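Enquirer: Please find the sequence and the predicted model below.
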Amino acid sequence: MPGWKALPDELDPDVGAFTERLRRLIDRSGLAVTAVAERTGHERSAWDAYLNGRLPVPRSAVVALAEVAGSDPAALATDWELAERAWSRGRGGDAERDVARDGARDAEPGRGRDAEPDAGDRTMQIRRLDRPEPAGTSAGASPAPRPRTADSHAPAPTPAPTPASSSGSRRQSVLLSVAGVLGALLVVTAALLLVDLGGSDGGGGDGGDGGDGRAVAPPTTSAPPATPRADLPAGVMCAGSDCTGRDPEEMGCGGPLATTVARTRVGAAQVEVRYSDTCAAAWARITGAAPGDAVTVEVAGAVRRAAVTPGSGAEPDTDAYTPMVAVGSGADARACATLANGGGGCTTD
């Protein structure tokens, strides 16, 4: 029978009540937490977090525990929903307070800012350029445009050039005109090149800015997204290479989505290769082990490792599991154990 730790004082009452109910259910079943983890398909470390109020309990874990303990899952549904809402409130409250605080801070400097007009003010200034401003415009307002009169648009009179400087002025005008035409051609050519580069080979990957401020349409044959989360079941956070190095429980790849594809005995411990077809990833798990025992998973030279820790509760830890490694088939993964007493073995030995 596990000796339960006291739940944190700051824990939401609904979460605390549901956690205590799960503890009582385990106590009545007579099972240790390690046995619950093995029979429900959820890792021991995950159950430690659930039963101490550190992580919300997924619905799949609640259903599996009810089946193992011989209880009706529907009897837990109401308490689970209350606890889930409490977790949601806890995750969103801090973000809402940060947004409110940032909004109040931004509003205060906004009331005293009049020297730098925003984008809307600049747009209105451009639209008012053709209309004269009334007299007495304040210093903070936009500059008064010149009225559209013949005098204001007429060029200032210039003295007639002397015969000695006429040819030089004409040459200078011609050179400036040529330079202006060449500059315009260069700008147009550069813009066309940038548009072509941005749209012909999918450069940039997200159909963003084409280099001259204009949106470039994405190519018809774009690369697939790196993380196809939209195609995954609810609660699954990764697939394939995105899962490598990640915790299978936190990514939603464990529990009913995982199966044991290979196992072996190394001393008193059992070593397994766990595989999730949904996540296209494998990991290794060791159970019935002793502190200091380690387990690894290997796929095509990629290795991930975990060790059994002494634990801090009344019942010492006896299991551990590694992070995931992407693999197309669980048969391509191998799990190995290295015991603290010097023994060792692998699932393919």
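Expert: Okay, I see it.

Enquirer: care to break this protein down by domain?
Expert: Annotated domains of the chain cover 13-106, 237-346 [automatic domain parsing].

Enquirer: Select, out of these, the one closest to residue 4.
Expert: Shortest separation from residue 4 across these is recorded for domain 13-106, at 5.5 Å, computed as C-beta to C-beta. From N, CA and C alone the C-beta is placed, and that goes for glycine too.

Enquirer: ok, back up a step: please identify the deepest-packed of the domains of the chain.
Expert: Of all the domains of the chain, domain 237-346 carries the top mean neighbour count, a mean of 19, counting by mean count of other C-beta atoms under 10 Å.

Enquirer: model confidence over it, on average?
Expert: Averaging pLDDT along domain 237-346 yields 92.

Enquirer: OK, contacts around the residue lying closest to residue 5 once chain neighbours are set aside?
Expert: Take residue 5 and drop its neighbours on the chain: the residue closest to it by C-beta to C-beta, 6 or more residues apart in numbering is residue 52, 6.0 Å away. Contact analysis of residue 52 by C-beta atoms under 8 Å, 6 or more residues apart in numbering lists 5, 7, 19.

Enquirer: tell me the contacts of the last one?
Expert: The reference is to residue 19. If you count contacts by C-beta under 8 Å, 6+ apart, then residue 19 has 7, 11, 50-53, 83 around it.

Enquirer: cutoff 7 Å now
Expert: 7, 51, 53 (C-beta atoms under 7 Å, 6 or more residues apart in numbering).

Enquirer: Tell me, what's the model's pLDDT at the first one?
Expert: In this case it means residue 7. Confidence score, pLDDT, at residue 7: 91.

Enquirer: hang on, it packs against residue 53?
Expert: Yes. Contact criterion C-beta atoms under 7 Å: residue 7 and residue 53 qualify, at 5.1 Å.

Enquirer: nearest to residue 179, of the domains of the chain?
Expert: For the domains of the chain, the distance to residue 179 is smallest for domain 13-106, at 46.0 Å, taking C-beta to C-beta.

Enquirer: any idea of the mean pLDDT for that closest one?
Expert: Averaging pLDDT along domain 13-106 gives 82.

Enquirer: List the contacts of the residue nearest to residue 41 when sequence neighbours are not counted.
Expert: Among residues not flanking residue 41 along the chain, residue 255 sits closest, at 5.0 Å (C-beta to C-beta, 6+ apart). Counting by C-beta under 7 Å, 6+ apart, residue 255 makes contact with 41-42, 60-61.

Enquirer: Next: residue 280.
Expert: So residue 280 contacts 239-240, 326-328 (C-beta under 7 Å, 6+ apart).

Enquirer: From those residues, pick the one nearest residue 182.
Expert: Looking across those and measuring by C-beta to C-beta, the closest to residue 182 is residue 240, at 52.2 Å.

Enquirer: so that closest one sits right up against residue 328, yeah?
Expert: No. The pair residue 240 and residue 328 fails to qualify as a contact (C-beta under 7 Å) at a distance of 8.5 Å.

Enquirer: all strands for this protein, in order.
Expert: Secondary structure of the chain by DSSP state E: the strands cover 259-266, 269-276, 281-287, 294-299, 302-307, 320-321, 325-326, 334-338, 344-346.

Enquirer: Format these as TSV; extra columns: distance to residue 185.
Expert: Shown next, in TSV, are those (distance: least, C-beta to C-beta, whole Å):
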stretch	distance to residue 185
strand 259-266	66
strand 269-276	59
strand 281-287	55
strand 294-299	57
strand 302-307	54
strand 320-321	65
strand 325-326	51
strand 334-338	64
strand 344-346	69
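
Enquirer: And the ones you listed: which comes nearest residue 37?
Expert: Judging the strands of the chain by C-beta to C-beta, what sits closest to residue 37 is strand 281-287, at 8.0 Å.

Enquirer: what angle separates the closest one from strand 302-307?
Expert: 30 degrees (axes from the mean of the first three to the mean of the last three C-alpha atoms, to 10 degrees).

Enquirer: Which elements pack onto strand 281-287?
Expert: strand 269-276, strand 294-299, strand 320-321, strand 325-326 (3 or more C-beta pairs under 7 Å, 6 or more residues apart in numbering; DSSP states H and E).

Enquirer: would you turn those strands into JSON lines with distance to residue 235?
Expert: JSON lines is the format used below for the helices and strands packed on strand 281-287 (distance: least, C-beta to C-beta, whole Å):
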{"stretch": "strand 269-276", "distance to residue 235": "12"}
{"stretch": "strand 294-299", "distance to residue 235": "23"}
{"stretch": "strand 320-321", "distance to residue 235": "18"}
{"stretch": "strand 325-326", "distance to residue 235": "19"}
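
Enquirer: who wins for proximity to residue 288 among those?
Expert: Among the helices and strands packed on strand 281-287, strand 269-276 sits nearest to residue 288 (C-beta to C-beta), with 5.0 Å.

Enquirer: What strands line up against the closest one, and which way round?
Expert: In the sheet, strand 269-276 lines up against strand 259-266 (antiparallel), strand 281-287 (antiparallel) (DSSP bridges).

Enquirer: Need the contact partners of it.
Expert: By C-beta under 7 Å, 6+ apart, strand 269-276 touches 248, 253, 257-264, 282-289, 293, 295, 297, 330, 333-335, 337, 339, 347.
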